[in-house]
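Enquirer: Dropping a prediction and its sequence here:
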Amino acid sequence: MDPVIAPSILAANFAHLAADVQSAQQAGADWIHVDVMDGHFVPNISIGVPIVKALRGVTDLPLDVHLMITNPDAYVEAFAKAGADHLTIHIEAASDPSHTLDRIRGLGCKAGIALNPGTPADSLADALPHSDLVIVMTVEPGFGGQAYMTDAAQKIPEIRQMPGGADVHISVDGGINAQTGQHSLRAGANVLVAGSAIFRSPAGIEAAIKQLKGLTTHDS
């Protein structure tokens, strides 16, 4: 089965965001990944509800909204109403992750839980049964263009073995390209979030997505 490819708009040209997203959709992207940063949980500020609402008007792909924010429970309803299909919160940022995940599901969205590189896999034990998606961060969250952390990806098979882990999407976010993407898939992931490797590829968006979709769980 081909991997799910989720281009991250953090690396897109924001002056031509609709065009970049539509190009990604036409090239075969499966989801559009939207990084929301508050300058508090992570040391950067990105975008918010109005951009999600605007994106909903230019693509029918699932909007995979990654909330890298403090107190996500206060914002999930607004993002759901704006058109998010998936809402992922950080295990490190939520006071009661299972409650927030159940609330996300109640809003009609797929519920995701993310963990930073230094957070152990077993921290997800209680939240995993309430989740549809896990994001394994393979860079420190906050900025695009960082190098992939191989050690962080070692948590993927651990998560797959946990109760509920066999049934969730496992998405890898950070430093993804053809080489690191294949490493992630072999570890047990099935979703690749890629920003620079797609939107800033010298070969263009279409070629970059085609290359990622051609990856397998086996060595080439």
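Expert: Structure's in. What do you need?
Enquirer: Tell me where the model's unsure across the protein.
Expert: 144-145, 218-220 (pLDDT under 70).
Enquirer: run the last query once more with 90
Expert: Scanning the chain for pLDDT under 90 picks out the ranges 1-2, 43-44, 140-147, 216-220.
Enquirer: Mind jotting down where the strands sit in it?
Expert: Along the chain, counting by DSSP state E, strands occupy 4-7, 32-37, 63-68, 86-90, 110-115, 133-137, 169-173, 191-194.
Enquirer: got the ones you listed as a markdown table, with distance to Tyr148 and mean neighbour count columns?
Expert: No exception for glycine: its C-beta is placed from N, CA and C like everyone else's. Shown next, in a markdown table, are those (distance: least, Cβ to Cβ, whole Å; neighbours: other Cβ atoms under 10 Å):
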| stretch | distance to Tyr148 | mean neighbour count |
| --- | --- | --- |
| strand 4-7 | 16 | 27 |
| strand 32-37 | 16 | 24 |
| strand 63-68 | 17 | 28 |
| strand 86-90 | 19 | 27 |
| strand 110-115 | 16 | 24 |
| strand 133-137 | 10 | 27 |
| strand 169-173 | 9 | 25 |
| strand 191-194 | 11 | 28 |
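Enquirer: can you put those in a markdown table and add distance to Ala207?
Expert: Output for the strands of the chain, formatted as a markdown table (distance: least, Cβ to Cβ, whole Å):
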| stretch | distance to Ala207 |
| --- | --- |
| strand 4-7 | 13 |
| strand 32-37 | 18 |
| strand 63-68 | 22 |
| strand 86-90 | 26 |
| strand 110-115 | 29 |
| strand 133-137 | 26 |
| strand 169-173 | 21 |
| strand 191-194 | 13 |
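Enquirer: Looking at those strands, which is nearest to Thr180?
Expert: strand 169-173 (8.0 Å; Cβ to Cβ).
Enquirer: Name every strand pairing with that closest one and say which way it goes.
Expert: Here strand 169-173 has these sheet partners by DSSP bridges: strand 133-137 (parallel), strand 191-194 (parallel).
Enquirer: Pull the contacting residues for the closest residue to Arg105 other than its chain neighbours.
Expert: What sits nearest to Arg105 in space, not counting adjacent residues and going by Cβ to Cβ, 6 or more residues apart in numbering, is Ala111, at 5.0 Å. The neighbours of Ala111, taking Cβ atoms under 8 Å, 6 or more residues apart in numbering as the test, are 86-88, 101-102, 104-105, 130-133.
Enquirer: Of the residues you listed, which is the nearest to Leu124?
Expert: Nearest to Leu124 among the contacts of Ala111: Ser131, at 7.7 Å, using Cβ to Cβ.
Enquirer: Show the contacting residues for the residue nearest to that closest one when sequence neighbours are not counted.
Expert: Nearest residue to Ser131 in three dimensions, chain neighbours excluded: Ile113, at 4.8 Å (Cβ to Cβ, 6+ apart). Ile113 sits next to 88-91, 97, 101, 124, 127-128, 130-131, 133-135 when contact means Cβ under 8 Å, 6+ apart.
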